[in-house]
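Trainee: Structure of the sequence below:
(chains A and B)
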Amino acid sequence: MGVGTMMLTCENVTRKFGGLWALAGVDLSVAEGEIVGLVGPNGSGKSTLINVISGYYAPNAGRISFREHDITAKAPHWITGLGIARTYQIPRPFHTMTALENVAVGCMFGRSRDSVAEAREHARHWLEVTGLGHCADAPVEKLTLHQRRFLELARALASGADLLLLDEVLAGLNPTEIEISMDRIRGIHERGVSILIVEHIMRAVVSLSQRLVVLDQGQVIAEGVSQQVMRDPAVIGAYLGKDYARDH
Amino acid sequence: MKWQVPVAFLTAGLLLWVVPWLRAQLDFPVFYLIFLYFVFFWIAQASSWNMLTGYSGYFSFGQGAFYGVGVYTTATLVDKFDGNFLVSLPLAGLNAALLGLGIGFAVFRQRKLRGELFALLTLAVALVVAAVIRNMDAIDGGYGVPLGQVPYPEFLGDYSTMLYRLGLIIALLTVFVAYAIQHSRLGQGLFAIRDDEAVAEGLGVPTFRYKMVVLAISCFFAGLSGGLHALQINYVAVESVFNIRIPLFVILMSILGGRRHWLGPVLGAVIIYTLSDRFSSARLEFLNQIIIGSLLIVMVLFVREGIFARLQRRAWFALGLFGLVLVIQVLGGIGVRLISQVAVAMLALIAALLLPDVLYRKLFGWVWVP
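Mentor: Modelled structure (predicted):
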């Protein structure tokens, strides 16, 4: 797959919960080798979109394709097998295992299908990549939030992901940790992993992404190069209110 | 798996195989053979239960159903159909496995509440199976199944020896499989399911398949061990087969020993059966219930990982105390039988392991290795 070809395409993705339209016809795409930022006010549907892409929820309408596969409403473990992995807003490590064992699960059941022994070796490598090499044998309960976020990342990478869906991976971190995290994310991107990053911390997502997509109330209201998008009146209106946008 | 492991199991098996011969040579009471048979029986039951519940986190209250199906498969084949007893054993396991798979199909594909539904369904199935068997004349019909003298190959020895040896093989097999699963991809997948099934699915673990596989294996061994036990019981009746003892004790034994490791249920089975047997024979039934009940409460509240994990950390202290108490009794002539002396030493072992970490560290601050 050459850089620049379409990797992930969401067409008119719709998902409602009871009476609430969490996603009301979202069109979004990620090209091979891109980092795309997904932003929007709280409740705009960002996490729901991640859940739908990764197969945890089936959309009510619309189509999602990844490379040449139709992944709409398919089983999560099958979608992972194609090369998509996600992290969670609040990290969900396997709490009775060590960091190494956590990542090893990714190695064993992702695209590489390692044996137990191979997985332990490869897991160490992924922990090094995310800067957690020194905590490999620590039980996850002893890890800080920052470390757990990177454990999630290592585990997602270990499953052989070509596309990473990052769900607010910088939330709750102090400025130093944010800088370190951004560097590591850039490093992962340079290794050839495409990224769809959902984030609230504006300067971070603007700096990391080549392209921004803004979601509001389940719909895409703006899309394009980061600086332009942030100046779009519709975007300002969504974040700060229509009055503010009108007056400025 | 390293080759040393099967060799170790085989060696243990061979050593234990000759114990009946040794007993006869040294003129120890036959009681010890029967005692050890029961230890093997409980090791098999507790290990089979734990490989499902301990490893996957899906709590089963249905051990009685799977065990009971095994007992009655052998009883029916041998008594009603004149079947070969040894052949009936794997069939007993198979029947139990099929029952388990049926439950799995009903529950494992649900999205919500599958853990709760599974627990309730296993409880219900145990009651239903008992009722069905009691009402089917072809199997039991409320009359019980008298097995009497059952023919078996001569090389296995006399009746108690045969039970001992077959019980040994079944226990060894069950424990070996528990070990193998723990160290395999299946085991790691199950542990992931136990910790967070949705995340495990997201990482590619085939959760439905893995749960069905471990359920089938667990039920198979429960039924296999049950089939052999039919001969021990000899007059098989619904009330004695389908009571609370089996499902309750496998839970107690695994909780005591530890549910995350294949040795946990083994340790739990040996300790609880020994204590229970000794209290019964000393006519201290009430003490039996008090101590085991209290143990369960303490384990669940304070030592959730089970005593095996602590044994690994306090090996010298705990085993040293066990040995000391045993030796003092033997040399001092205290206690009636060896097995009672062992039981008392076990109580000391448990006390050593249940000592809170804080106190343990104060006592041994100078040798403490964190």
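Trainee: Show me how far the longest helix anywhere in chain A is from its chain's centre.
Mentor: Looking across chain A with DSSP state H, the single longest helix is helix A:175-190. On the basis of CA atoms, centre = their mean, to the nearest Å, helix A:175-190 sits 14 Å off its chain's mean C-alpha point.
Trainee: Just give the nearest non-adjacent residue to residue B:56, would you?
Mentor: Setting aside the residues directly before and after it, residue B:56 is nearest to residue B:190 in space (CB to CB, 6 or more residues apart in numbering or on different chains), at 4.6 Å. In short, each C-beta sits where N, CA and C put it, glycine included.
Trainee: Residue B:213 is in contact with that neighbour, correct?
Mentor: No: between residue B:190 and residue B:213 no contact is recorded; they are 9.2 Å apart, counting by CB atoms under 8 Å.
Trainee: if we can go back for a sec, could you report the separation of the residue nearest to residue B:56 from residue B:275?
Mentor: 30 Å (CB to CB, to the nearest Å).
Trainee: And the two? Which one has more around it.
Mentor: residue B:190 (27 against 21; other CB atoms under 10 Å in any protein chain shown).
Trainee: host element of that one?
Mentor: helix B:185-195 (DSSP states H and E).
Trainee: how many neighbours does residue B:80 have?
Mentor: 12.
Trainee: Next: the one 4 residues further on.
Mentor: By other CB under 10 Å, the residues close to residue B:84 number 14.
Trainee: distance of it from residue B:243?
Mentor: Taking CB to CB, one finds residue B:84 at 29 Å from residue B:243.
Trainee: same question, residue B:82
Mentor: Taken as CB to CB, the span from residue B:82 to residue B:243 is 29 Å.
Trainee: what does residue A:75 give?
Mentor: Residue A:75 is 42 Å from residue B:243, by CB to CB.
Trainee: try residue A:23
Mentor: Distance, residue A:23 to residue B:243, using CB to CB: 54 Å.
Trainee: With neighbour numbers in mind, choose between the two.
Mentor: A direct count of neighbours by other CB under 10 Å for residue A:23 and residue B:243 places residue A:23 higher, at 29 against 13.
Trainee: Pretty sure that one sits in a strand.
Mentor: Yes: checked against DSSP: H, G, I helix; E, B strand; the rest coil, residue A:23 lies within a strand.
Trainee: Show me the domain layout of the chain.
Mentor: Since no chain was named, I'll use chain A. Chain A breaks down by automatic domain parsing into domains covering A:1-83+A:163-248, A:92-161.
Trainee: not what I meant, chain B
Mentor: Chain B breaks down into these domains under automatic domain parsing: B:1-243, B:245-370.
Trainee: Pick the most buried one from those domains.
Mentor: The highest mean neighbour count among the domains of chain B, using mean count of other CB atoms under 10 Å in any protein chain shown, belongs to domain B:1-243: a mean of 20.
Trainee: Need the distance between the two termini of it.
Mentor: 39 Å (CA to CA, to the nearest Å).
Trainee: one step back: OK, contacts around the residue nearest to residue B:56?
Mentor: B:55, B:56, B:181, B:210, B:211, B:214 (CB atoms under 8 Å, 6 or more residues apart in numbering or on different chains).
Trainee: Could you report the separation of it from chain A?
Mentor: Separation of residue B:190 from chain A (CB to the nearest CB, to the nearest Å): 11 Å.
Trainee: per-residue pLDDT, that residue?
Mentor: At residue B:190, the model reports a pLDDT of 97.
Trainee: Could you do residue A:136 as well?
Mentor: Taking residue A:136 on its own, its pLDDT is 90.
Trainee: ditto for residue B:323
Mentor: 92.
Trainee: residues contacting it?
Mentor: Taking CB under 8 Å, 6+ apart as the criterion, residue B:323 is in contact with residue B:345.
Trainee: ok, it to residue B:349 distance?
Mentor: From residue B:323 to residue B:349 the distance is 9 Å (CB to CB).
Trainee: No more questions from me, cheers.
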